[in-house]
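Colleague: Below are the sequence and a predicted model; questions follow.
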Amino acid sequence: GQNIDQPTEMTATEGAIVQINCTYQTSGFNGLFWYQQHAGEAPTFLSYNVLDGLEEKGRFSSFLSRSKGYSYLLLKELQMKDSASYLCAVNDYKLSFGAGTTVTVRA
Amino acid sequence: DAMVIQNPRYQVTQFGKPVTLSCSQTLNHNVMYWYQQKSSQAPKLLFHYYDKDFNNEADTPDNFQSRRPNTSFCFLDIRSPGLGDAAMYLCATGLPNNEQFFGPGTRLTVL
């Protein structure tokens, strides 16, 4: 089966940095996605890692270690609009999602 | 703009009354997915189409059916909705082993 774990909630201050960890145990692996989901809205794509290492895209970066079954999403220079749920999803012929980490950004 | 469209955005139905949710895409993607997402939970894959090939998840109830008449459209039929089927239903499209593009979702309420 698929097992994807991420923290339930995180709180940070505007302008700060937050790191959301994701660990996974899946029967197969063909890449890991991070999605952002605002309340009541659909998930939107943030990043994709298939090889080990860091992918940087503006204020957001994502890291993958396949040997450790581990990824993180790094959010820098936090803004109020970054308050949302962040979903880690592993691609194994289909996407298996973690339950999401709700990030609250405080002024 | 190329996109994934879901109609309606909000659907209210009565217990046991069949309901159909629709999804269309202008991205010309091979694969279309239907997910169910309940509050504070991960999206749960119900089934997907790879072109015309239907793939049902093992734990998807028989109450849920799907149709894909052509590349652009995909429908989710709930034959006899129960209170436990109230959720957000997300349609997504994608190319195999690539990112998925989600529609805005249909929020289903069962009275």
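Modeller: All right, it came through fine.
Colleague: so what's the residue nearest to B:Phe15 when sequence neighbours are not counted bridging to?
Modeller: Nearest residue to B:Phe15 in three dimensions, chain neighbours excluded: B:Val110, at 5.9 Å (C-beta to C-beta, 6 or more residues apart in numbering or on different chains). In this view, the C-beta of every residue, glycine as well, is placed from N, C-alpha and C. Counting by DSSP bridges, B:Val110 forms beta bridges with B:Thr13.
Colleague: any idea how far B:Val110 is from chain A?
Modeller: 18 Å (C-beta to the nearest C-beta, to the nearest Å).
Colleague: Next one: that residue, what pLDDT does it get?
Modeller: pLDDT recorded at B:Val110 is 96.
Colleague: What of B:Ala2?
Modeller: 59.
Colleague: Over to the one 3 residues further on?
Modeller: At B:Ile5, the model reports a pLDDT of 94.
Colleague: so it sits right up against B:Gln25, yeah?
Modeller: Yes - between B:Ile5 and B:Gln25 there is a contact under C-beta atoms under 8 Å: 7.3 Å.
Colleague: Common neighbours of these two, please.
Modeller: B:Gly103 (C-beta atoms under 8 Å, 6 or more residues apart in numbering or on different chains).
Colleague: Who has more neighbours out of these two?
Modeller: The residue with more neighbours, out of B:Ile5 and B:Gln25, is B:Gln25; 22 against 15, by other C-beta atoms under 10 Å in any protein chain shown.
Colleague: partner residues bridging that one?
Modeller: B:Val4.
Colleague: what sits against it?
Modeller: The contact partners of B:Gln25, by C-beta under 8 Å, 6+ apart, come to B:Met3, B:Val4, B:Ile5, B:Met32, B:Thr71, B:Ser72, B:Thr93, B:Phe101, B:Gly103.
Colleague: Next, count neighbours for the fourth one.
Modeller: Using other C-beta under 10 Å, B:Met32 has 27 neighbouring residues.
Colleague: In terms of helices and strands, where is it?
Modeller: Using DSSP states H and E, B:Met32 sits in strand B:31-37.
Colleague: following that strand, which helix or strand shows up next?
Modeller: Moving toward the C-terminus from strand B:31-37, the next helix or strand (DSSP H and E) is strand B:44-50.
Colleague: following that following strand, which helix or strand shows up next?
Modeller: Per DSSP H and E, the first helix or strand lying C-terminal to strand B:44-50 is strand B:53-56.
Colleague: I appreciate the help and will end here.
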